[in-house]
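[1] my questions are about this predicted structure, shown below with the sequence.
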Protein chains: 4
Amino acid sequence: MPRRVDREARREEILQAAVRVFARKGFTAARIDDVAAEAGIAKGSVYLYFDSRDALLAAVFDSYAAHSAGVLAARSQGSPLERLADLVSTTIQFLASHPDHARVLLDLWSSGPPLDMAAVYREYREAVAGLLREAHAAGELRPGIGERHATVIVGAIEGCLVQWLVDPSVPLAELADPVIELCLDGVRA
Amino acid sequence: MPRRVDREARREEILQAAVRVFARKGFTAARIDDVAAEAGIAKGSVYLYFDSRDALLAAVFDSYAAHSAGVLAARSQGSPLERLADLVSTTIQFLASHPDHARVLLDLWSSGPPLDMAAVYREYREAVAGLLREAHAAGELRPGIGERHATVIVGAIEGCLVQWLVDPSVPLAELADPVIELCLDGVRA
Amino acid sequence: MPRRVDREARREEILQAAVRVFARKGFTAARIDDVAAEAGIAKGSVYLYFDSRDALLAAVFDSYAAHSAGVLAARSQGSPLERLADLVSTTIQFLASHPDHARVLLDLWSSGPPLDMAAVYREYREAVAGLLREAHAAGELRPGIGERHATVIVGAIEGCLVQWLVDPSVPLAELADPVIELCLDGVRA
Amino acid sequence: MPRRVDREARREEILQAAVRVFARKGFTAARIDDVAAEAGIAKGSVYLYFDSRDALLAAVFDSYAAHSAGVLAARSQGSPLERLADLVSTTIQFLASHPDHARVLLDLWSSGPPLDMAAVYREYREAVAGLLREAHAAGELRPGIGERHATVIVGAIEGCLVQWLVDPSVPLAELADPVIELCLDGVRA
DNA sequence: GATGAATGAGTATTCATTCAT
DNA sequence: AATGAATGAATACTCATTCAT
């Protein structure tokens, strides 16, 4: 009778270990040995669950993309702009509370195909654009607001994330409100 | 001091070659051989001008930081908010027109110490915060606008940049106006 | 002793599976996993019947050597030269009808000690030399035929085998007669 | 000015070192380290001249195939059967005097595509068959001699080689005459 | 017996860096 | 200064073997 293991659970353990290591040293500097050590297993065992080092990064991407899709899918209540504020807030809180996962975004941005960060942002922009269209229909928007403003709203979130990743003294968790205020009403008196 | 000029010029040639190569393949995948070939010199000659492969990335960083400082130093005319709009616009146009340089930001973000991207963003935030303070003094701002909104404004720019880097179909050059509109007046009716 | 029979039978199954795998991919490229899969058992179970991967090749050798000894032991009727012709023919038919086994000879040749292919050929040469001595005593040989001609006769068989192994379009099964003709009468008019 | 080296010469040195190592340990057991050590250079330097370990074996094959073609191309004087005897003799002398090269044949036989030993033997058989046709035209052959006898003649040589490779006590160099005698006149009185 | 998850020693290959010319 | 051949440390990946279940 074979030794029993929950393959999915073990895979997930290794993946989380990889996320921690990647966050700590970056994907480029991370060695398979590091991941194995972090997971408390032998190097070769990593390969029982992932085909290659790159497959590990791809799995981190999938995991991030799934989380991201989850955030987009979570529909909140209220007016379109309230729901937009909610989406912004939820996203920022998620990123702020998963710093390791967020940190790996730096490597995902650089990694290029076959990992498709472009698709993640596209979906995000489309979700925001959809809410803006609803808001427009509800008469909540001033004239001239369109797709590109959706890009800017997504950008405001990501740009705050960048600054936090590069400088932990930037208080990401507290930037949700300023982002929302700016996106809704700007700074002008 | 003609030798001096030659040396600087040659160094700059190699640096620009490195920027092109890094932009094309990413720093991790870029080989000293690639840089040498792009610069049209022998591999060993790169080491006559740069101490190491990392020094090459550091030099790209310095070059970016210098450009960035230049943008911040360029004082424009007009009211504080006009000058803010100008800063945003100038920054985006600079990035959009230097795609190779911009692309290398992906690697600079990941690279960590001793390269100090944090300082670059800090200065940027301070410049924006300064303009906001001036605008506040001039009564151009609504109440409650502060440091964090400066972070968000810088973030809006960087976040648009991220999306463009990851997906060239995002029209960075055309996002200056939406960014300014959003930052100044938001989307709300 | 039913267990005993089972054990032998299972061992033989695995051995035959190994022969097929070795023939297909060569010993070097053959993995224990492949052999286990071909035998329809788990990888670890192979080790219940064979001490090591090399022991598997050794067992294939033993099996080949036993077959070979069987061919040598089979005494046919007729004059010495008729029996020589018979030996040649039997050998070639055996090899041609066991292509997997034959294919593994390529690896056995390369494998060196402790596998003793030299002994197999030595016995073969001695068998042929013995027949030649009998033929000589019977006055069937022309003068000057000796040990070395025995080597050449064995070589003619093996050399046809080599060509067939390397190029399946060589019709090994149809080479028995030409080999016999050549060895007995040569090509000269 | 670069360090001067004769690339071809250095490549050939490494190739010969590889032949010695492959002959000693077999290709499978031979490490790049062994080849480098035998050549008196650093491991990495091997890769300046050969793309991969397999490329090294391929180069040995090319070298063998070239020698082999050289032997076939060397046309001797005399009647067709005299020339056939010459070809046999030359081939055996070449193999006997290049034991390292010959030993590597064991690995070439096993190596399969893309190395094409089949082509080498095909050319050899064609050369022999050509001589047999000439001999037939000259009335030197008894009836019924054809392509397959060419295969057997080539086989007699290769089969002697096999026995020598597997058992150095087999006196390959002295087998040329017995091979020729057998092929021409057989053993029968 | 049977299993198959885990192990970790073993190696081909890459590439930044050096330095003889 | 310029070159590019040489170096060898670094590392992803493989797979025979073990052993807990």
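    Everything's here; your move. Remember, predicted model here, so these are calculated numbers, not experimental data.

[2] where exactly do the helices run in chain A?
    A:7-25, A:32-39, A:43-46, A:53-73, A:80-97, A:99-111, A:117-137, A:147-166, A:176-185 (DSSP state H).

[3] for the closest residue to A:Arg122 other than its chain neighbours, what are phi and psi?
    Nearest residue to A:Arg122 in three dimensions, chain neighbours excluded: B:Asp167, at 6.8 Å (Cβ to Cβ, 6 or more residues apart in numbering or on different chains). Where C-beta positions appear, they are placed from N, C-alpha and C, glycine not excepted. Backbone torsions of B:Asp167, given as degrees, to the nearest 10, read phi -150, psi 90.

[4] and B:Asp167, what does it touch?
    B:Asp167 is in contact with A:Met117, A:Ala118, A:Tyr121, A:Arg122, counting by Cβ atoms under 8 Å, 6 or more residues apart in numbering or on different chains.

[5] and which of those residues is nearest D:Arg53?
    A:Met117 (37.5 Å; Cβ to Cβ).

[6] check contacts around the closest residue in space to that closest one that isn't next to it in sequence.
    Excluding its sequence neighbours, the residue lying closest to A:Met117 (Cβ to Cβ, 6+ apart) is B:Val166, at 4.7 Å. When contacts are counted by Cβ under 8 Å, 6+ apart, B:Val166 touches A:Trp109, A:Met117, A:Ala118, A:Tyr121.

[7] isn't the second one right next to A:Asp107, touching?
    No - contact status for A:Met117 versus A:Asp107: not in contact, 10.4 Å apart, counting by Cβ atoms under 8 Å.

[8] please work out which of the helices of chain A is packed deepest.
    helix A:147-166 (a mean of 25; mean count of other Cβ atoms under 10 Å in any protein chain shown).

[9] for it, the averaged confidence score.
    Per-residue pLDDT over helix A:147-166 has a mean of 96.

[10] how about low-confidence regions in chain A?
    For chain A, the stretches with pLDDT under 70 are A:1-5, A:187, A:189.

[11] give me the residue from it nearest DNA strand E.
    Here chain A gets closest to DNA strand E at one residue, A:Gly44, 1.8 Å apart by Cβ to the nearest atom of the strand.

[12] quick check: that residue vs B:Pro114, distance?
    According to Cβ to Cβ, to the nearest Å, A:Gly44 and B:Pro114 sit 35 Å apart.

[13] now stretch A:113-126, how far from the centre of its chain.
    Its chain's C-alpha centre and that of stretch A:113-126 lie 11 Å apart, by Cα atoms, centre = their mean, to the nearest Å.

[14] does it reach DNA strand F?
    No - in terms of Cβ under 7 Å from any atom of the strand, no part of stretch A:113-126 sits within range of DNA strand F; the closest distance is 14.3 Å.

[15] can you list contacts of that stretch?
    Contacts for stretch A:113-126 (Cβ under 8 Å, 6+ apart): A:57-58, A:61, A:64-65, A:68-69, A:72, A:108-109, A:111, A:147, A:150-151, A:154, A:158, B:162-163, B:166-167, B:170.

[16] what sits against the closest residue to A:Leu141 other than its chain neighbours?
    Distances taken as Cβ to Cβ, 6+ apart place A:Ala135 nearest to A:Leu141, at 5.0 Å, with adjacent residues excluded. Applying Cβ under 8 Å, 6+ apart, we find A:Ala135 in contact with A:Ser79, A:Pro80, A:Leu81, A:Leu84, A:Leu141, B:Val187.

[17] please apply the same query to A:Trp164.
    Here A:Trp164 is in contact with A:Ala96, A:Ala102, A:Val170, A:Pro171, A:Leu172, A:Leu175 (Cβ under 8 Å, 6+ apart).

[18] and the residues you listed, which is closest to B:Arg24?
    For the contacts of A:Trp164, the nearest to B:Arg24 is A:Ala102 (27.2 Å; Cβ to Cβ).

[19] the contacts of A:Trp164 into a markdown table, with extra columns for distance to chain C?
    Compiled in a markdown table, the contacts of A:Trp164 are given as follows (distance: Cβ to the nearest Cβ, whole Å):
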| residue | distance to chain C |
| --- | --- |
| A:Ala96 | 46 |
| A:Ala102 | 40 |
| A:Val170 | 51 |
| A:Pro171 | 53 |
| A:Leu172 | 48 |
| A:Leu175 | 53 |
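
[20] what residue spans form the domains of chain A?
    A:1-50, A:53-185 (automatic domain parsing).

[21] and the residue of chain A closest to DNA strand E, what does it touch?
    Contacts of A:Gly44 (Cβ under 8 Å, 6+ apart): none.

[22] that one and D:Arg31: what is the separation?
    Applying Cβ to Cβ to A:Gly44 and D:Arg31 gives a distance of 21 Å.

[23] just A:Asp62 next, same as before
    39 Å.

[24] try A:Val19
    Counting by Cβ to Cβ - A:Val19 and D:Arg31 are separated by 37 Å.
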